[in-house]
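J.: Okay, here's the prediction I keep looking at, along with the sequence it came from:
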Amino acid sequence: MAQDSNYVTVDGEFDSLEDRSFLTMDDYDLSGQNVILRIDINSSINPENGDLLDDTRIKRHSATVKELSDNNARVIVLAHQSRPGKLDFVNLENHGKRMSQIINKEVKFVDDLYGDKAIKEISNLKNGDIILLDNVRFDKEEIELSQFTDNNFKLQKNSGMVKKLSPHASYFINDAFAASHRCQPSLVGFTENMPALAGRVMQRELDFLGKAISSGPTPRIAVLGGSKAADSVAIAENFLEKGVERILTGGVVANIFLIASGVDIGKPSTEFIQKQIPDHNNVIDLAKKLLDKYEERIQLPTDVALNIDGKRNGTNVDNLPKNYSLFDIGIDTLVNYISIIEKAGTIIANGPMGVFEDSEFATGTNEIFSAISKSKGMTVVGGGETAMAFNQMGLANGIKHISTGGGACISFMSGETMPALEAMRRSKNLFSK
Ligand code: 3PG
């Protein structure tokens, strides 16, 4: 049963069990226990030879696996790789090998998920042993039973995997933050059968992302850019409601807000939005509503860099020519944004300021990301492309937390209900009484 003590969060503050909406690995003694650990090591893979091209997620989850093994738990790892039909939809053998190298312990790959072979391997586990079962998405039910019906995850609970594996474990640990927007059996099906605990990666993600949005040191600001403008405007709405004091916009996100504020951004950039942003009229409408309600808190570029025959050309937004694309924020905007970043207590960043892949238009993103990485405040970077950009620019080390989540991070930042987090919350209510 849950122990009656304090719980250390990643930054050393103490929260009581009552303050948390989920259980953690600190709440139970897991020594000698069979635990099902769901991780997300979905990675880039070379389809020609199956080699892993990126081991960031494997490294992050290795810490949880090692801690459990060092504490004498018997660890049954579940994970997915890609989706059916894709070239990188492969088994997890190479992932297991890489994890073994990282933690210097055997991570035994078993090419079965819940058949006789898997059950036999589980029965043979000794304290500290680790097995990695096969790609959970090789099981059709993992894909097909993924509706979030608000019916206590009954569908997923009745899947073959959950029914077969549950009798062989005492705890379910969900470390797969990056998949927590999915409602698949391996993520939500076990949580009524046994206590569901957040793993270390999950706990860190929830602590950092949660604090960056609602309770980190003030002033809390967000830098939102990139081309996924529909997501970013939804994120802006949630951030502003939750008390993020200021939003600095760049990229297509800024262009949407500029249109919403009545600026004609010119034909090419307008057409880009019309073609590339699904439902763009509604996105612009939401941007208008946000500007009406929170005008002073949403920062738009005052100048931009136009792409004129491949060259950078700085122009004030009041005076934009109609036939050139907006490819970066301008220098005045850059200086203004940096001064806001330097004073911020918490910064959450998602998306570049412009077309940074082209060196002519990389200045805005380079300078803003560099200022964020130098900040003494709590800095949090959204996963996926933004994380990749910080890595490519050699700025990742200066960031306090880089999310492992792509879609999951967007879902969390937008304030959506995430099935796997909801399942952990309900599990806590069920098991910590
Ligand atoms: C990711 O890479 O974002 C996660 O592993 C989730 O993958 P999915 O989008 O295929 O569910």
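T.: Arrived safely, thanks for sending.

J.: Pull the number of nearby residues for residue 385.
T.: The burial count assigned to residue 385 is 15, neighbours taken as other CB atoms under 10 Å. Bear in mind the C-beta positions are built from the backbone N, C-alpha and C, glycine included.

J.: Could you pull up the residues touching it?
T.: Residue 385 makes contact with 226, 351, 352, 406, according to CB atoms under 8 Å, 6 or more residues apart in numbering.

J.: Run through the residues that contact the nearest residue to residue 412 once chain neighbours are set aside.
T.: Nearest-residue entry for residue 412: residue 209, 5.5 Å, with adjacent residues in sequence omitted and distances by CB to CB, 6 or more residues apart in numbering. Contacts here follow CB under 8 Å, 6+ apart; on that basis residue 209 touches 348, 380, 401, 403, 409, 412, 413.

J.: For residue 92, see how far away the last one is.
T.: With distances taken as CB to CB, to the nearest Å, residue 413 is found 29 Å from residue 92.

J.: got it, and the third one?
T.: With distances taken as CB to CB, residue 401 is found 26 Å from residue 92.

J.: Of those two, give the one with the bigger neighbour count.
T.: Counted by other CB under 10 Å, residue 401 and residue 92 do not tie: residue 92 has more neighbours, with 27 against 19.

J.: thinking that one is in contact with residue 79, fair?
T.: Yes: between residue 92 and residue 79 there is a contact at 6.0 Å, judged by CB atoms under 8 Å.

J.: anything in contact with each of those two?
T.: Counting by CB under 8 Å, 6+ apart, the residues touching both residue 92 and residue 79 are 41, 132, 135.

J.: so how far is residue 405 from the last one?
T.: According to CB to CB, residue 135 stands 19 Å off from residue 405.

J.: For residue 113, give me its contacts.
T.: With CB under 8 Å, 6+ apart as the criterion, the residues that contact residue 113 are 133, 134, 135, 136, 138, 139, 161.

J.: Measure how buried the nearest residue to it once chain neighbours are set aside is and give me the count.
T.: Spatial nearest neighbour of residue 113, excluding adjacent residues (CB to CB, 6+ apart): residue 134 at 4.8 Å. Counted with other CB under 10 Å, the neighbours of residue 134 add up to 23.

J.: Look up the residues forming beta bridges with residue 328.
T.: Taking DSSP bridges, one obtains residue 305 as the residues bridged to residue 328.

J.: Just want to check the distance between residue 277 and the ligand.
T.: 20 Å (CB to the nearest ligand atom, to the nearest Å).

J.: Do I have it right that that residue meets residue 233?
T.: No: under the contact definition of CB under 8 Å, residue 277 does not touch residue 233, with a separation of 9.6 Å.

J.: Tell me who's in contact with the residue nearest to residue 112 when sequence neighbours are not counted.
T.: Distances taken as CB to CB, 6+ apart put residue 118 closest to residue 112, at 4.2 Å, once the chain neighbours are dropped. Contact partners of residue 118, counting by CB under 8 Å, 6+ apart, are 110, 112, 133, 134, 165.

J.: One more pass at 7 Å, please.
T.: Residues near residue 118 by CB atoms under 7 Å, 6 or more residues apart in numbering: 110, 112, 133.

J.: Inside strands: which ones of those residues?
T.: Among the contacts of residue 118, no member is found in strands (DSSP state E).

J.: Quick check: PyMOL command selecting the buried ones in the residues you listed.
T.: Filtering the contacts of residue 118 down to the buried ones (16 or more other CB atoms under 10 Å) takes a single PyMOL command:
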select buried, resi 110+133
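
J.: Residues in contact with stretch 369-383: which ones?
T.: For stretch 369-383, the surrounding residues in contact (CB under 7 Å, 6+ apart) are 178, 208-209, 211-212, 216-217, 223, 338, 341-342, 344-350, 387, 389-390, 393, 395, 398-406, 409, 413.

J.: burial count for the closest residue to the ligand within the stretch 301-433 of the chain?
T.: Taking CB to the nearest ligand atom as the measure, the point where the stretch 301-433 of the chain comes nearest the ligand is residue 406, at 3.9 Å. Here the count is done by other CB under 10 Å, and residue 406 has 18 residues near it.

J.: what's the distance between the closest residue to it other than its chain neighbours and residue 367?
T.: Sequence neighbours aside, residue 384 is the residue nearest to residue 406 in space, at 3.5 Å (criterion: CB to CB, 6+ apart). Residue 384 sits 22 Å away from residue 367, taking CB to CB as the criterion.
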